[in-house]
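# Make a model of this:
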Amino acid sequence: MRAVFDANVVLSALVFGRRPRWLRHAWADGTVAPIVCRETVTELLRVLAYPKFRLDAAERETLLAEYLPFAEIVPLSDPLPDLPLACRDRDDAVFLHLARASGAAFLVSGDADLTVLAAAYPVISPAMLRERLGATR
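Here you go, the predicted structure:
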């Protein structure tokens, strides 16, 4: 299964406690293939550098090494086409574009600005993805 993960979902899987670690295992064992593009990786780098996480450059590099080798890179067109349904947060729109351009099964996000669009786009929460992958995770 190929999926786009918003930066906060990836951040949760890489940085925070045990609960989201199942996702790291899912992409590491090939159960789910993360899809990224230059813009989404740039956003992830920006988020990982937030001072509140207190991650130095080496720690950020180590975390990225636990994610990016498992990701498929899909470039986005420039300029980006109009979306049929606009996202409330313009910064989140790139994840919708990537999901559409890549043909991903899902965009995985807990962000209300994206989940509100679930009727028009294949947006699911991390919990929904876990359920779809089965109780083994």
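# on contacts alone, who are the packing partners of the helix or strand of the chain with the lowest mean pLDDT?
Using mean pLDDT, DSSP states H and E, the weakest-scoring helix or strand in the chain turns out to be helix 112-115, at a mean of 80. Contacting helix 112-115 under the criterion 3 or more Cβ pairs under 8 Å, 6 or more residues apart in numbering; DSSP states H and E is no other helix or strand. All C-beta spots, glycine's among them, are computed from the backbone N, C-alpha and C.
# May I see the buried residues of it?
113-115 (16 or more other Cβ atoms under 10 Å).
# Need these in CSV (columns: distance to Glu72).
Below are those laid out as CSV (distance: Cβ to Cβ, whole Å):
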residue, distance to Glu72
Asp113, 25
Leu114, 20
Thr115, 23
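# ok, these vs Val9, which is closest?
Closest to Val9 out of these is Leu114 (10.2 Å), distances taken as Cβ to Cβ.
# For Ala33, see how far away that closest one is.
20 Å (Cβ to Cβ, to the nearest Å).
# distance of Ala3 from Arg54?
29 Å.
# The two: which is more packed in?
The residue with more neighbours, out of Ala3 and Arg54 and counting by other Cβ atoms under 10 Å, is Ala3; that gives 23 against 7.
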